[in-house]
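K.L.:
would you be able to build a 3D model of this:
(one chain, ligands or ions: 1)
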Amino acid sequence: MSRLPRGPEVGMLGSPVVIWRGFVASPCRLDCEVPMRNTIAVAGALLSVVACAGGKPRQDANGADAAWELHRTAIVVDTHSDTTPRFEDPEWDFLQRHDPSDGHMDLPRMREGGLDVQFWSIYMGQREGEGRAIREALQRIDAVHRLVDQHPDELGLATNVEEIRKLVAEGRIACLMGVEGGHIIENDLAALRSFYRLGVRYLTLTHSFHTDWADSSGTGRDLEPLHHGLTEFGEEVVLTMNRLGMMVDVSHVSDETFSDVLAVSRAPVIASHSSARAVANHRRNVSDDMLRALAENGGVIMINFYPVYIDEEANRAADAYYQKWGRRMAEIQKAHADDPKARAKAYRAQTSAHPLPQTSFDVLLDHFDHAIVVAGPDHVGIGADWDGVPSMPVGMEDVTFLPELTRGLLGRGHSPEVVRKVLGENLLRVMAEVETVAEHLREEMSAESAPSHP
Ligand SMILES: [Zn+2]
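P.N.:
Here you go, the predicted structure:
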């Protein structure tokens, strides 16, 4: 893979990174701080124009391709895709190949990218009104189940590591779910337990705003601490997840919440889509101290691919872009509030005429490198944030480019064994440990509650 220049290259290859600032507080669909409905269609229009539409070389000059062979035979796991709301759109076809300007993944592209295991995100912004978040989550979970039911030869729902390995061995893509945002349980442990029973296997404790029981890092701006970490109920949420066997996700939480979670959790935790703060200083990323703590906990950081998080220059340039174009973007939003397709077309015209800054694939590799060095090779994985962010780095425009990650990591000198761990085995190990801890905790509980013999 050719080395591309680091940092924002405005207009480079005609590939805009579009960030959703100015009229909503944050750049991306998933990470937005202001709730938006129908955001898939909106942000779909914001996706980058394909820079490398010609495909990717899969062989070296000798015709051999160790990287592709490794990628093909590894279990490749991604822990964060926000494609989920598209499952509820009757006009969107999972079986159809879409252009990267129209989303990061669909079945043909997941196959081409060699992606075996996907955690679909059950996400939404803040919701007013009792029951609304839970009901919306149920609709989204139902849509995942229905998608799997509609494509039994291609997909299967997995709820544990054994099922994941079985599905992958059968040539099917293992589908799992993570609920993104503790607000979605509406302060009700019964909702948390019910989500688990429906197949949800991680909960991100906060989204881009505080919950009643855990502080968030914020996304586009720093938030004033509310609880300074987890409240007592927040601790109970974590321990309940431990007993259920649901992974605790610390992406999006504040540093104080992160520390509290690690102090409380009986099981390893994950950061489902976060990158390294030492490489790019962004509040959504994880510091070196946090990386080391996560490793000590036995957990794993799943690296987020979003240019604005992983490249400070791209972040600054995005700010400048929205100072200039935020008003225009807000006008487009207002003018086409009820017509997602017209809105998408207008955004596409805007971003084609005025592309946003980009970042390179090498910068993404820097985050993997750094996390592998600081946290160790057993504690790093992939959490790209597909379709949750308006663009990906040049050379990683959509899921079809995933084999390039394998090639890139090998090129940086990581052994095939390490690369295989990063591609998926690390996450599977953590998930298996979370399952084991849950069994032990349930045994402890039943022993404690057993009647004592005279
Ligand atoms: Zn997120």
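K.L.:
the stretch 201-350 of the chain: strands as residue ranges?
P.N.:
Taking DSSP state E, counting those that start in this stretch as the criterion, the stretch 201-350 of the chain contains strands spanning 247-249, 270-271, 300-303.
K.L.:
does the second one come close to the ion?
P.N.:
This points to strand 270-271. No - among the residues of strand 270-271, none lie within reach of the ion under CB under 5 Å from the ion; the closest is 10.5 Å away. Glycine gets a C-beta too; all of them are placed from N, C-alpha and C.
K.L.:
just checking, residue 389 touches residue 306?
P.N.:
Yes - counting by CB atoms under 8 Å, residue 389 sits close enough to residue 306 to count as a contact (4.0 Å).
K.L.:
show me what the helix or strand where residue 175 lies is packed up against.
P.N.:
For residue 175, the host element (DSSP states H and E) is strand 173-180. Helices and strands in packing contact with strand 173-180 are listed as strand 117-123, helix 132-150, strand 155-157, helix 161-169, strand 200-204, strand 247-249; criterion 3 or more CB pairs under 8 Å, 6 or more residues apart in numbering; DSSP states H and E.
K.L.:
now find how far off-centre stretch 409-428 is within its chain.
P.N.:
The chain centroid and the centroid of stretch 409-428 are separated by 19 Å under CA atoms, centre = their mean, to the nearest Å.
K.L.:
again, but for stretch 306-320
P.N.:
The chain centroid and the centroid of stretch 306-320 are separated by 18 Å, computed with CA atoms, centre = their mean.
K.L.:
pull out the buried residues from it.
P.N.:
Of all the residues in stretch 306-320, those buried under the rule 16 or more other CB atoms under 10 Å are 306-315, 317-319.
K.L.:
can you list those in CSV and add distance to residue 225?
P.N.:
Output for the buried residues of stretch 306-320, formatted as CSV (distance: CB to CB, whole Å):
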residue, distance to residue 225
306, 24
307, 28
308, 23
309, 21
310, 25
311, 27
312, 24
313, 29
314, 28
315, 23
317, 29
318, 26
319, 24
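K.L.:
coming back round to it: helices or strands next to the helix or strand following the strand holding residue 175 in the packing?
P.N.:
Where DSSP H and E defines the elements, the next helix or strand beyond strand 173-180 is helix 189-197. Helices and strands touching helix 189-197, as assessed by 3+ CB pairs under 8 Å, 6+ apart, comprise helix 132-150, helix 232-244.
K.L.:
which neighbours does the strand holding residue 175 have in its sheet, and in what orientation?
P.N.:
strand 117-123 (parallel), strand 155-157 (parallel), strand 200-204 (parallel) (DSSP bridges).
K.L.:
quick one, it and helix 132-150 angle?
P.N.:
Regarding strand 173-180 and helix 132-150, their directions subtend 180 degrees when assessed with axes from the mean of the first three to the mean of the last three CA atoms, to 10 degrees.
K.L.:
report the angle between strand 173-180 and helix 189-197.
P.N.:
Using the same axes, to 10 degrees: strand 173-180 against helix 189-197 is 170 degrees.
K.L.:
biggest separation within the buried residues of stretch 306-320, which pair?
P.N.:
Farthest apart among the buried residues of stretch 306-320 by CB to CB are 310 and 319. That separation is 15.6 Å.
K.L.:
now the residue nearest the centre of the chain. Nearest residue, chain neighbours left out?
P.N.:
Centre of the chain computed as the mean C-alpha position; nearest residue by CA atoms, centre = their mean is residue 80, 2.7 Å away. Residue nearest to residue 80 in three dimensions, not counting chain neighbours: residue 273, with 3.9 Å by CB to CB, 6 or more residues apart in numbering.
K.L.:
residues in contact with the one you found?
P.N.:
If you count contacts by CB atoms under 8 Å, 6 or more residues apart in numbering, residue 273 has them with 79-80, 251, 302, 304, 383-385, 388.
K.L.:
swap in residue 445?
P.N.:
When contacts are counted by CB under 8 Å, 6+ apart, residue 445 touches residue 243.
K.L.:
distance of residue 134 from residue 308?
P.N.:
Counting by CB to CB, to the nearest Å, the separation of residue 134 from residue 308 is 31 Å.
K.L.:
correction: residue 122
P.N.:
Between residue 122 and residue 308 the computed distance is 23 Å (CB to CB).
K.L.:
for residue 89, same thing?
P.N.:
Residue 89 sits at a distance of 26 Å from residue 308 (criterion: CB to CB).
K.L.:
so which residues on the stretch 51-200 of the chain come close to the ion?
P.N.:
Close to the ion, as judged by CB under 5 Å from the ion, the stretch 51-200 of the chain has no residues.
K.L.:
can you pull the poorly scored residue ranges out of the stretch 51-200 of the chain?
P.N.:
Counting by pLDDT under 70, the stretch 51-200 of the chain contains low-confidence residues at 51-64.
K.L.:
taking it, what residue is nearest to the ion?
P.N.:
Per CB to the ion, residue 180 is where the stretch 51-200 of the chain lies closest to the ion, at 5.8 Å.
K.L.:
quick one: residue 146 and residue 87 touch, right?
P.N.:
Yes - under the contact definition of CB under 8 Å, residue 146 touches residue 87, with a separation of 7.2 Å.
K.L.:
who has more neighbours out of the two?
P.N.:
residue 87 (20 against 12; other CB atoms under 10 Å).
K.L.:
looks to me like the more buried one is in a strand.
P.N.:
No - judged by DSSP: H, G, I helix; E, B strand; the rest coil, residue 87 forms no part of a strand; its state is helix.
K.L.:
for it, which non-adjacent residue is spatially closest?
P.N.:
Distances taken as CB to CB, 6+ apart put residue 143 closest to residue 87, at 3.9 Å, once the chain neighbours are dropped.
K.L.:
measure the one you found to residue 418 for me?
P.N.:
Distance from residue 143 to residue 418, counting by CB to CB: 36 Å.
K.L.:
now swap in residue 107 and tell me
P.N.:
Computed as CB to CB, the residue 107 to residue 418 distance reads 29 Å.
K.L.:
where does the residue in the stretch 351-454 of the chain that the ion sits nearest to land on pLDDT?
P.N.:
Nearest residue of the stretch 351-454 of the chain to the ion: residue 388, at 5.8 Å (CB to the ion). Reading off the per-residue confidence, residue 388 sits at a pLDDT of 90.
K.L.:
could you look up the SS state of it?
P.N.:
Following three-state DSSP, the label given to residue 388 is coil.
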